[in-house]
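Asker: The following block contains a protein sequence and its predicted model.
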Amino acid sequence: AFTPRIFSGIKPSGGLTLGNYLGAIQKFVAAQEAGTESIFCVVDLHAITVWQDPEDLRNATREVAAGYIASGIDPTKSILFNQSQVHEHAELAWIFNCVARVGWMNRMTQFKEKAGKNAEKQSLGLYAYPSLMAADILLYHATHVPVGEDQKQHVELTRDIAAKFNHDYKVDFFPITEPVIEGPAVRVMNLRDGSKKMSKSGESDMERINMLDDADKIAKKFKKAKTDPEPLPDTMDGLADRPEARNLVNIYASLSGQSSDAVIAEYAGAGWGKFKPALADLAVDKLAPISEEMRRLMDDPSEIDKILAHGAEQARAIAAPILKRTYEIVGM
Ligand code: ADP
Ligand code: NA
């Protein structure tokens with residue numbers, strides 16, 4: 001049996017969004033507060049699977065770290081570090097490249113979505129990304145991974161890699177990790193197109209709420225968010241074919257800590273002229289103190305760097321023996 005341990009990460013490939021906050025960070029804080037041993041990572045090796053300007057990458061790394069801390073990740077309770085500072089991630093990923101099958105990678109929908117018609121022009125790293133993600137998780141023998149729904153398939157691949165490694169080498173060394181995907185905001189959608197998820201790397205700033213957006217910007221983005229003209233129905237079933245409306249109700253629910261059913265019951269019959277400003281106020285209430293603290297932290301990059309360096313030492317203390325044992329199992 002493996003001791004419960006949580007691992008999760010966020011890419012420094014741009015500014016943090018409300019999707020990252022509701023789908024990931026908010027849950028990380030809850031896990032930490034529940035007392036589960038938790039390890040949180042800024043996954044810069046994943047970020048460079050698509051081109052990153054070096055200076056932007058350095059800044060985004062600090063912004064993600066600041067976002068974690070400002071939201072409540074406490075580096076004295078959880079381990080918080082930057083992936084590239086623990087070289088064991090890249091080493092275990094290589095072993096897993098030799099465990100995972102090309103056919104498994106070919107089934108990854110996120111690669112297909114990101115590559116579009118240009119698969120041949122993508123980096124090899126983007127294709128192999130899920131194998132590095134498996135290494136991130138299994139390097140700590142993590143038993144649970146809180147993630148948004150977009151990462152479900154990658155966690156399943158992590159389980160397949162662990163199972164094949166254990167089977168091929170006749171060991172019970174890696175845990176079969178559980179994804180934790182729950183609550184109303186497991187998939188926050190793009191504000192301009194309800195069929196796409198909200199993402200850091202979206203084309204237009206109007207399609208996402210950034211954690212560093214000010215109150216005016218948040219209000220404007222929700223006001224301009226695509227919706228239909230109908231008022232809100234009295235149950236969530238009434239939103240089955242209204243993805244944009246459903247998204248805004250789910251965001252409200254997640255921000256307020258209520259169920260979507262409770263929110264729709266409260267706003268039954270309301271029009272967007274009432275719901276959108278209420279949603280904007282709620283988002284500002286939640287995000288303003290966090291963004292203020294993020295800015296304060298980012299004013300002193302050396303302090304963030306110190307926290308990350310300390311976290312890397314703590315992470316390596318767990319990772320190094322697990323990698324060493326992996327090499328021994330493999331015959332190295
Ligand atoms: P992004 O897609 O914004 O670049 P990452 O790939 O770094 O985000 O994902 C970091 C975490 O945030 C993951 O757990 C991911 O599932 C979650 N996440 C990202 N976007 C969303 C979203 N729109 N809704 C819910 N969770 C999300
Ligand atoms: Na993602």
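Answerer: Received it, and whenever you're ready, just let me know what you need. Ligands and ions are numbered 1, 2, ... in the order given.

Asker: can we go C-alpha only for contacts and neighbour counts from here?
Answerer: OK.

Asker: need the residues of this protein near ligand 1, please.
Answerer: Contact residues (CA under 6 Å from any ligand atom) of the chain with ligand 1: 10-11, 19-20, 23-24, 147-151, 185-189, 197-200.

Asker: out of those, which are inside strands?
Answerer: residue 10 (DSSP state E).

Asker: where do the helices sit along the stretch 151-300 of the chain?
Answerer: 152-168, 215-224, 243-256, 260-267, 272-298 (DSSP state H, counting those that start in this stretch).

Asker: Can you name the residues in contact with the shortest one?
Answerer: The reference is to helix 260-267. 184, 232, 233, 234, 235, 236, 249, 250, 252, 253, 254, 275 (CA atoms under 8 Å, 6 or more residues apart in numbering).

Asker: Distance check, the residue lying closest to the first one once chain neighbours are set aside against residue 256.
Answerer: Translated: residue 184. Closest residue to residue 184 apart from its sequence neighbours, by CA to CA, 6 or more residues apart in numbering: residue 250 at 5.2 Å. Distance, residue 250 to residue 256, by CA to CA, to the nearest Å: 10 Å.

Asker: Compare neighbour counts for the two and give me the winner.
Answerer: residue 250 (26 against 15; other CA atoms under 10 Å).

Asker: Surely that one is in contact with residue 187?
Answerer: No: using CA atoms under 8 Å as the test, residue 250 is too far from residue 187 to be in contact (9.2 Å).

Asker: Pick out the residue of the stretch 201-332 of the chain closest to ligand 1.
Answerer: Closest to ligand 1 within the stretch 201-332 of the chain is residue 201: 6.3 Å, counting by CA to the nearest ligand atom.

Asker: And the helices in the stretch 1-150 of the chain, which stretches?
Answerer: 18-20, 26-33, 44-47, 54-71, 88-97, 102-106, 109-115, 124-138.

Asker: Identify the single longest helix in the chain, thanks.
Answerer: helix 301-330 (DSSP state H).

Asker: Report the mean confidence score over it.
Answerer: The pLDDT scores in helix 301-330 average 98.

Asker: Identify each buried residue in that helix, please.
Answerer: Neighbour-count burial for helix 301-330, counted by 16 or more other CA atoms under 10 Å, picks out 304-305, 307-309, 311-312, 314-316, 319-320, 322-323, 326.

Asker: Also stretch 154-167?
Answerer: Applying 16+ other CA under 10 Å to stretch 154-167 flags 154-166 as buried.

Asker: For that stretch, list the C-alpha coordinates in CSV.
Answerer: Listed in CSV are the C-alpha atoms of stretch 154-167, where the atom choice follows Å, rounded to 0.1, in the frame of the first residue of the first chain:
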residue,chain,number,x,y,z
HIS,A,154,-3.0,11.8,-19.4
VAL,A,155,-3.5,10.5,-15.9
GLU,A,156,-5.0,7.3,-17.4
LEU,A,157,-1.8,7.0,-19.5
THR,A,158,0.2,7.4,-16.3
ARG,A,159,-1.7,4.5,-14.8
ASP,A,160,-1.0,2.4,-17.9
ILE,A,161,2.8,3.2,-17.7
ALA,A,162,2.9,2.3,-14.0
ALA,A,163,1.1,-1.0,-14.7
LYS,A,164,3.3,-1.9,-17.6
PHE,A,165,6.5,-1.1,-15.7
ASN,A,166,5.3,-3.1,-12.7
HIS,A,167,4.3,-6.0,-15.0
